[in-house]
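1. here is the input, now give the coordinates:
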Amino acid sequence: AGAAAAAHAASLRAQLGVKGGKGRGKGETEREETCAVCQCEFTVSGDSGEGMVCPSSHYLCSECTGVFVISILNDLETSFPPKCS
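-> The predicted structure is shown next:
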């Protein structure tokens, strides 16, 4: 399921010509991060609200974040709280 989600996110980015999320939050300056699922690079700007990051600093782009959230919500009994692998 993870490989399929990564492939889907990559195809969406290619279709839309999107490199990744670009936010305008407060805090840190812009920096490039790599999605832990699909390995795309995307721009993070402070508290941008684009994607997610876990306490272990694993970043997820906005497309993979959506897939992750839906997968957690589909089976709350076995997948909550979410954990990094």
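2. how far away is the residue located most distally from the centre of the chain from Ser62?
-> Here the chain reaches farthest from its C-alpha mean at Glu77, the gap being 22.6 Å by CA atoms, centre = their mean. To Ser62, Glu77 is 27 Å away according to CB to CB, to the nearest Å. From N, CA and C alone the C-beta is placed, and that goes for glycine too.
3. what does Ala5 give?
-> Distance from Ala5 to Ser62, by CB to CB: 13 Å.
4. please identify the helix or strand for the residue farthest from the centre of the chain.
-> Secondary-structure assignment from DSSP states H and E places Glu77 in helix 76-79.
5. what does that helix contact?
-> Helix 76-79 is contacted by residues Ser71, Ile72 when judged by CB atoms under 8 Å, 6 or more residues apart in numbering.
6. buried ones in it, by neighbour count?
-> For helix 76-79, burial by neighbour count (16 or more other CB atoms under 10 Å) applies to no residue.
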